[in-house]
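S.K.: Give me a 3D structure for the following:
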Amino acid sequence: MAQTQARTMPGVLELLPREQIAFQRMLDVIARNYRLFGFLPIETPVMEFSQVLLTKSGGETERQVYFVQSTGALEKDGQPELALRFDLTVPLARYVAEHERELSFPFRRYQIQRVYRGERAQRGRFREFYQCDIDVIGKDHLSTRYDAEIPAVIHSVFRELAIGPFTIQLNHRKLMRGFFEGLGIADGEQQMLVLREVDKLDKRGADAVRATLTGEGFGLAEDVVAKILQFVQVRSTSLADAVDKLDALGAGSDTFEQGRDELKQVLTMVRDLGVPENRFALNLSIARGLDYYTGMVYETTLDEHPEIGSICSGGRYDNLAGQYTKSHLPGVGISIGATRLFWQLREAGLIATADSTVQALVTQMDEAHLADYLALANELRAGGIATETVMEGGKLGKQFKYADRAGIRFVLVLGDEELAKGTVTVKDMRRNDQFEVKREELIKALRVELEQAAVMPVARD
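M.R.: Predicted structure coming up:
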């Protein structure tokens, strides 16, 4: 029988152990900061009923859904009963509608789980990937103050991830909708088509976008296109600059004025929440999904790596679960696509492989002393030091080489001389030096080294 080739399907990110440790640390940082702001964890099943999952979708989304059937329940006709979730928002809507009477509102949840999409196989696009979401869901009403809290969470996450300077860019859907209505572009579908073209501004340039919008298919007047291009190129450099530029837009409809007022309030409160003014900015080209978001919208970008695009996005929506419940449930939230972000950061050289989660390796000098080595490892584990023991001996150099390749920082040697003196020789693989310490002081010494390493910046590969 011929062997089957060992290979993964396209569109998945399968990491080696030290990369997996680095990725898990990213998820841990995100979760820790979500908890710091009072968000509660939930998990939903990887599968949902197809009719629930696809209630308000269709088009491109439905073409990317993975349906699920067991071999014992194959249906001959019709749509399969179950499907894999393609985001965390639809499951959240179902969750809130189902548990509405048991939840306290505003409901603050975070969720870090895999989602699945039948993406076309291409570099940097994934069929299985982690999303890290937070949402605040209100019942009947949700203050815009929660909209200001979201950028504070974003700032907290990316400051700790330490992947370089970043900017949280903000806009407001009502401001945009009111602006387009003032130009005579009132139809929502037409607004979305115009925004898609405007979104290509950085790639195609203003002349190309202008030609498209004034040409066949759009036929917008030259002066209207000029106003659109001027509007979407508005950016701010500080809070005061943002307020001045919003004021300079002139008077507009009630929708426009409501969007402007809310945007000013949110920007001011973002500053009051401790986000430095060089970390957030007004950007009137930010659109997000026109048919989904109804208020504030956010995109976060790395200042030194604009080619990566948005690393965190989201916004305000009017009614999360209107298709499942009669209750009015407005909300605001964001999502970090952790798998794609990690892949992009790795490609850009901004993430190094991590040290092993194993902190110490007890070597084997002589099999006759195996009980001593096992006893030492047990002492270290009892002291909170993650420890591996070499179970099969061999040349000491080979054991050191193993530790180096595995990313284990401390290698412990317990030879005849150390046993006689009651000491342990510690080889520090990171600093490429070694020291001898009394056995009763070993745990304390290693803890000091590990605590120092935790606060020192990690060297890039």
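S.K.: Render the CA-only coordinates of the helix or strand harbouring residue 209 in CSV, please.
M.R.: Residue 209 is located in helix 206-214, with elements delineated by DSSP states H and E. The C-alpha trace of helix 206-214 is given here as CSV (Å, rounded to 0.1, in the frame of the first residue of the first chain):
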residue,chain,number,x,y,z
ALA,A,206,-6.7,60.6,-7.1
ASP,A,207,-6.8,60.9,-10.9
ALA,A,208,-7.8,57.3,-11.5
VAL,A,209,-10.5,57.5,-8.9
ARG,A,210,-11.8,60.8,-10.3
ALA,A,211,-11.9,59.3,-13.8
THR,A,212,-13.9,56.3,-12.5
LEU,A,213,-16.4,58.3,-10.5
THR,A,214,-17.1,60.8,-13.4
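S.K.: how about that helix: buried residues?
M.R.: The neighbour-count check on helix 206-214 (16 or more other Cβ atoms under 10 Å) flags 209, 210, 212, 213 as buried. Where C-beta positions appear, they are placed from N, C-alpha and C, glycine not excepted.
S.K.: which SS class is the residue positioned nearest the centre of the chain?
M.R.: What sits nearest the mean C-alpha location of the chain, by Cα atoms, centre = their mean, is residue 336, with 2.5 Å. Here residue 336 is recorded as strand under DSSP: H, G, I helix; E, B strand; the rest coil.
S.K.: Residue 136 now?
M.R.: Going by three-state DSSP: residue 136 is strand.
S.K.: Grab the nearest non-local neighbour of it.
M.R.: residue 146 (4.6 Å; Cβ to Cβ, 6 or more residues apart in numbering).
S.K.: and residue 45, what are its phi and psi?
M.R.: phi -60, psi 150 (degrees, to the nearest 10).
S.K.: From residue 23, how far off is residue 307?
M.R.: 21 Å (Cβ to Cβ, to the nearest Å).
S.K.: Compare these two (neighbour count), which wins?
M.R.: residue 23 (21 against 10; other Cβ atoms under 10 Å).
S.K.: Redo the buried residues of helix 206-214 as a markdown table? Include pLDDT.
M.R.: Below are the buried residues of helix 206-214 laid out as a markdown table (pLDDT from 0 to 100):
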| residue | pLDDT |
| --- | --- |
| 209 | 89 |
| 210 | 91 |
| 212 | 92 |
| 213 | 92 |
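S.K.: Return the member of those residues nearest to residue 253.
M.R.: residue 213 (21.6 Å; Cβ to Cβ).
S.K.: Does the closest one touch residue 228 like I think?
M.R.: Yes: counting by Cβ atoms under 8 Å, residue 228 is a contact partner of residue 213 at 7.1 Å.
S.K.: who touches both of those two?
M.R.: 194, 220 (Cβ atoms under 8 Å, 6 or more residues apart in numbering).
S.K.: Now do the contacts for the residue nearest to residue 136.
M.R.: If you count contacts by Cβ under 8 Å, 6+ apart, then residue 146 has 106, 136, 138, 332 around it.
S.K.: so how far is stretch 19-26 off the chain centroid?
M.R.: Put simply, stretch 19-26 sits 13 Å off its chain's centre (Cα atoms, centre = their mean, to the nearest Å).
S.K.: Also stretch 427-437?
M.R.: 36 Å.
S.K.: Give me the buried stretch members for that stretch, please.
M.R.: Result for stretch 427-437 [16+ other Cβ under 10 Å]: buried residues 427, 429, 437.
S.K.: what sits up against that stretch?
M.R.: 355, 400, 403-404, 408-413, 418, 423-426, 445, 449, 453.
S.K.: Could you list the low-pLDDT ranges of the stretch 351-461 of the chain?
M.R.: Scanning the stretch 351-461 of the chain for pLDDT under 70 picks out 455-461.
S.K.: avg pLDDT for stretch 227-245?
M.R.: Taken as a whole, stretch 227-245 has an average pLDDT of 94.
S.K.: Mind listing residues that contact it?
M.R.: Taking Cβ under 8 Å, 6+ apart as the rule, stretch 227-245 contacts 179, 183, 194, 198, 201, 206, 209-210, 213, 220, 249, 264, 267-268, 271, 277-278, 281-285.
S.K.: Quote the end-to-end distance of it.
M.R.: 15 Å (Cα to Cα, to the nearest Å).
S.K.: gap between it and the chain center?
M.R.: 27 Å.
S.K.: Quick one: residues contacting residue 440.
M.R.: residue 422.
S.K.: Just to be sure, it is in a helix?
M.R.: Yes: assessed by three-state DSSP, residue 440 belongs to a helix.
S.K.: among the contacts of stretch 427-437, which are in helices?
M.R.: 400, 403, 404, 418, 445, 449, 453 (DSSP state H).
S.K.: What separation do you get for the first one and residue 372?
M.R.: Right, residue 400. From residue 400 to residue 372 the distance is 19 Å (Cβ to Cβ).
S.K.: cool, and the fifth one?
M.R.: Here the criterion is Cβ to Cβ. By it, residue 445 lies 19 Å from residue 372.
S.K.: Tell me the one among the contacts of residue 146 nearest to residue 31.
M.R.: Nearest member of the contacts of residue 146 to residue 31, counting by Cβ to Cβ, is residue 136, at 16.8 Å.
S.K.: residues near that closest one, how many?
M.R.: 24.
S.K.: in the stretch 251-400 of the chain, which spans are helices?
M.R.: Along the stretch 251-400 of the chain, counting by DSSP state H, counting those that start in this stretch, helices occupy 254-272, 338-347, 370-382, 396-406.
S.K.: and those helices as CSV, adding distance to residue 126?
M.R.: Formatted as CSV, the helices of the stretch 251-400 of the chain follow (distance: least, Cβ to Cβ, whole Å):
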stretch, distance to residue 126
helix 254-272, 31
helix 338-347, 5
helix 370-382, 37
helix 396-406, 27
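S.K.: Out of these, which is closest to residue 87?
M.R.: helix 338-347 (13.3 Å).
S.K.: In CSV, could you pull the C-alpha coordinates for the closest one?
M.R.: Taking Å, rounded to 0.1, in the frame of the first residue of the first chain, the C-alpha atoms of helix 338-347 are listed here in CSV:
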residue,chain,number,x,y,z
ALA,A,338,-4.9,37.2,15.2
THR,A,339,-3.8,34.5,12.7
ARG,A,340,-3.3,36.9,9.8
LEU,A,341,-1.8,39.5,12.1
PHE,A,342,0.8,37.1,13.4
TRP,A,343,1.6,35.9,9.8
GLN,A,344,2.0,39.5,8.6
LEU,A,345,4.2,40.5,11.5
ARG,A,346,6.4,37.4,11.0
GLU,A,347,6.7,38.2,7.3
